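Engineer: no sequence on hand, only this structure:
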């Protein structure tokens, strides 16, 4: 562990390769700066394992009631007036879409996620409440990031190359995805009251 002193007076606590702790949303607002690019964001499908009492990689072939898609990003977050610390941010699918939506609302391209200064918080008092991650502005002098895959192996115990998935898609790739219309959705009977 060492402290990096920056020209603007800020200090970043660097934990070393693969030693970053997880940062999950809480009801208290957290200020953070994303230091990984869009191609470095790793998506992992996980589900809750009751025997281990934690989330594990989901490889279920059929329906899975607790399946969720998490995204892992390298960030630094504010722990004091001028002190920042490296963390591995875990964003649920809902928090990820909130972040991308705030990027688009500010007029930033999606691949400009690196350097985004955001406010992260969980809405409601439940442990699984909705997550909001709103972009405030973009930092001009972005600090160096760290290896997200090594941090995942150290904290979650999941090897990133096992999944082979990242968010590195361009806007042109997104336009090629088929758009579902209301007619293509399956209809399910709601039952009687």
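Structural biologist: Thanks, I have it. From a predicted model like this one, the values you see are computed outputs, not experimental measurements.
Engineer: quick check: closest non-adjacent residue to residue 48.
Structural biologist: Using C-beta to C-beta, 6 or more residues apart in numbering and skipping the chain neighbours, the partner closest in space to residue 48 is residue 66 (4.1 Å). Backbone N, C-alpha and C define where each C-beta goes, glycine included.
Engineer: secondary structure class for that neighbour?
Structural biologist: Of the three states, residue 66 takes coil under DSSP: H, G, I helix; E, B strand; the rest coil.
Engineer: these two touch, right, it and residue 54?
Structural biologist: No. The pair residue 66 / residue 54 is not scored as a contact, 11.5 Å apart, by C-beta atoms under 8 Å.
Engineer: then residue 95 would be within a strand, right?
Structural biologist: No. Counting by three-state DSSP, residue 95 is not found in a strand; it is helix.
Engineer: about what we covered before: overlap of the contact sets of residue 66 and residue 54?
Structural biologist: Shared contacts of residue 66 and residue 54 (C-beta atoms under 8 Å, 6 or more residues apart in numbering): residue 48.
Engineer: thinking again about what came up before, okay, now the residue nearest to residue 48: neighbour count?
Structural biologist: 12 (other C-beta atoms under 10 Å).
Engineer: please apply the same query to the one 10 residues further on.
Structural biologist: The burial count assigned to residue 76 is 29, neighbours taken as other C-beta under 10 Å.
Engineer: repeat that for residue 52.
Structural biologist: Neighbours of residue 52 (other C-beta under 10 Å): 8.
Engineer: and the gap between it and residue 60?
Structural biologist: According to C-beta to C-beta, to the nearest Å, residue 52 and residue 60 sit 15 Å apart.
Engineer: residue 117: what's it in contact with?
Structural biologist: Here residue 117 is in contact with 31-33, 135-139 (C-beta under 8 Å, 6+ apart).
Engineer: so it, which state does it fall into?
Structural biologist: Applying three-state DSSP: residue 117 is strand.
Engineer: distance of it from residue 64?
Structural biologist: From residue 117 to residue 64 the distance is 35 Å (C-beta to C-beta).
Engineer: same check, this time on residue 100
Structural biologist: Remark: distance between residue 100 and residue 64 (C-beta to C-beta) = 24 Å.
Engineer: ok, now residue 122?
Structural biologist: Counting by C-beta to C-beta, the gap from residue 122 to residue 64 is 23 Å.
Engineer: could you pull out the strands for the chain?
Structural biologist: In the chain, the strands defined using DSSP state E lie at 2-5, 11-14, 21-23, 30-34, 42-49, 54-57, 68-78, 83-92, 116-123, 130-138.
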